[in-house]
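Colleague: no FASTA, just this:
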């Protein structure tokens, strides 16, 4: 029995070793399978779709004011006082500049004195005419003398009217020695000083309205027939590049620049709390419908090579064992994060948009998520 017991013990140990080896082998194979599975690339895919093709036109423009005036005096004279500086805000009617008007003021006072004298003469002739009316009723004055007094009243009345008009003329001329703001705005330029002699028509101040701002863009003439007040345009300020604003096309100016082959559009902007000033540079993105439909995909699907080739990774066997193949494509317009495909893809093709940097031809992949190619 001792021999038998010693004989069976080695047999039991051998069986245990074989069983343990099999278990270990199964564990190794499972870990190898899991490791291989973990190495299968995870990708995000998107389906090529048919949409209207939009052409995006980048533009560069400038903020301008709808009202800019280069102000000048209406009469010649010596500058007595300049009441504003560059940057001052003024309101309609504010006094900006005063010319030496001493002689004109004296002339006006002389005219006013003459007006008073003429008024007094008219009052005296009317008094004598009233006396003559009583005397005529009493037959104490001839009809001829009465008519002479009546004519004298009419002549004095006409003289007074003429003198009043003359007084108003001198007063209006005196007012022209004061330059006033024609509208609310900011003084952007000053080109005269006290003591300087100026002539009519010579600009001495520039006034810019900052309440009626607009953006001027020059657009290539090729797009003239496609633009209207419904065209979509977004604007970014160079001073605030992180924000994008929706613009409204206010006017399409049909006068083109023959040297640059461009025309002008005016764009209005709801600036909200943003401070803008004329002269600031802006960038715009004009989106025009091409009246065509085509296949579009996300721009993230594109792979560009130094030799100029552009390719995408296309998923095969999407619903069973996904694998990728690389396809060259011919590009059209880019818009809203999309790009139109002229050749190489069809609507419904599934392309890789994330995880496409290091794929290989025929490689199996795991689909992590699907994205839409557009709105």
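Modeller: Nice, thanks for sending it over. Bear in mind that the values here come from a model prediction, so they are computed numbers and not experimental data.
Colleague: tell me the secondary structure at residue 167.
Modeller: Here residue 167 is recorded as helix under DSSP: H, G, I helix; E, B strand; the rest coil.
Colleague: now it: closest residue in space that isn't a chain neighbour?
Modeller: In space, and not counting its chain neighbours, residue 167 is closest to residue 111: 4.6 Å by CB to CB, 6 or more residues apart in numbering. Glycine gets a C-beta too; all of them are placed from N, C-alpha and C.
Colleague: tally of neighbours for that neighbour?
Modeller: Residues near residue 111, counting by other CB atoms under 10 Å, number 17.
Colleague: list the buried ones in the helix or strand harbouring it?
Modeller: Using DSSP states H and E, residue 111 sits within helix 102-137. Neighbour-count burial for helix 102-137 flags 104, 108, 111, 115, 118-119, 121-122, 125, 129, 132 (criterion: 16 or more other CB atoms under 10 Å).
Colleague: before we move on, back to that, the residue nearest to residue 167 is in contact with residue 164, isn't it?
Modeller: No - counting by CB atoms under 8 Å, residue 111 does not reach residue 164; the two are 9.4 Å apart.
Colleague: from the buried residues of helix 102-137, pick the one nearest residue 280.
Modeller: Of all these, residue 104 has the smallest distance to residue 280: 42.7 Å, by CB to CB.
Colleague: does the closest residue in space to the closest one that isn't next to it in sequence sit in a helix, a strand or a coil?
Modeller: Spatially, and ignoring its direct neighbours in sequence, residue 104 is nearest to residue 174 (4.6 Å; CB to CB, 6+ apart). With three-state DSSP as the basis, residue 174 sits in helix.
Colleague: state the number of residues packed around residue 174.
Modeller: Residue 174: 16 surrounding residues under other CB under 10 Å.
Colleague: and the residue nearest to residue 167, what is it in contact with?
Modeller: Going by CB atoms under 8 Å, 6 or more residues apart in numbering, residue 111 touches 163, 166-167, 170.
Colleague: against residue 168, how distant is it?
Modeller: 9 Å (CB to CB, to the nearest Å).
Colleague: with residue 102 instead?
Modeller: The gap separating residue 102 from residue 168 is 20 Å, by CB to CB.
Colleague: also residue 67?
Modeller: If you go by CB to CB, the gap between residue 67 and residue 168 works out to 30 Å.
Colleague: likewise residue 331?
Modeller: 74 Å.
Colleague: so between the two, which is more surrounded?
Modeller: Neighbours per residue (other CB under 10 Å) separate residue 331 from residue 168, with residue 331 holding more: 16 against 13.
Colleague: quick one, what contacts that one?
Modeller: Residue 331 makes contact with 302, 310, 339-342, according to CB under 8 Å, 6+ apart.
Colleague: give the bridge partners for residue 205, please.
Modeller: residue 71, residue 190 (DSSP bridges).
Colleague: list the contacts for it?
Modeller: Residues in contact with residue 205 (CB under 8 Å, 6+ apart) are 70-71, 84, 96-97, 179, 187, 189-192.
Colleague: now those residues: which count as buried?
Modeller: Buried members of the contacts of residue 205, counted by 16+ other CB under 10 Å: 71, 84, 96-97, 179, 187, 190, 192.
Colleague: so which of the residues you listed belong to helices?
Modeller: Counting by DSSP state H, the buried ones among the contacts of residue 205 place none of their members in helices.
Colleague: export those residues to a markdown table and tack on distance to residue 157 and pLDDT?
Modeller: Listed next are those as a markdown table, based on distance: CB to CB, whole Å; pLDDT from 0 to 100:
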| residue | distance to residue 157 | pLDDT |
| --- | --- | --- |
| 71 | 41 | 96 |
| 84 | 45 | 95 |
| 96 | 41 | 96 |
| 97 | 40 | 96 |
| 179 | 37 | 96 |
| 187 | 48 | 94 |
| 190 | 49 | 95 |
| 192 | 45 | 93 |
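Colleague: from those residues, which is closest to residue 295?
Modeller: For the buried ones among the contacts of residue 205, the closest approach to residue 295 (CB to CB) belongs to residue 187, at 57.0 Å.
Colleague: quick one: contacts for that closest one?
Modeller: Per CB under 8 Å, 6+ apart, neighbours of residue 187: 84-88, 90, 96, 205-207.
Colleague: buried ones among these?
Modeller: Buried members of the contacts of residue 187, counted by 16+ other CB under 10 Å: 84, 88, 90, 96, 205-207.
Colleague: measure the closest residue to residue 209 other than its chain neighbours to residue 91 for me?
Modeller: Distance criterion CB to CB, 6+ apart; nearest residue to residue 209, sequence neighbours excluded, is residue 67 at 3.9 Å. Going from residue 67 to residue 91 by CB to CB gives 14 Å.
Colleague: more neighbours: which of the two?
Modeller: Taking neighbours as other CB under 10 Å, residue 67 and residue 91 compare with residue 67 leading, 16 against 9.
Colleague: in contact with that one, which residues are there?
Modeller: 183, 185, 208-209, 212.
Colleague: for the protein, what spans make up the helices?
Modeller: Using DSSP H, helices in the chain cover 2-38, 102-137, 143-175.
Colleague: find the nearest non-adjacent residue to residue 107, please.
Modeller: Nearest residue to residue 107 in three dimensions, chain neighbours excluded: residue 170, at 5.5 Å (CB to CB, 6+ apart).
Colleague: next one: residue 283
Modeller: Residue 283 sits nearest to residue 236 (CB to CB, 6+ apart), 5.1 Å away.
Colleague: now swap in residue 335 and tell me
Modeller: Nearest one to residue 335, counting by CB to CB, 6+ apart, is residue 54 at 4.0 Å.
Colleague: what's opposite the one you found in the beta bridge?
Modeller: Under DSSP bridges, the beta-bridge partners of residue 54 are residue 289.
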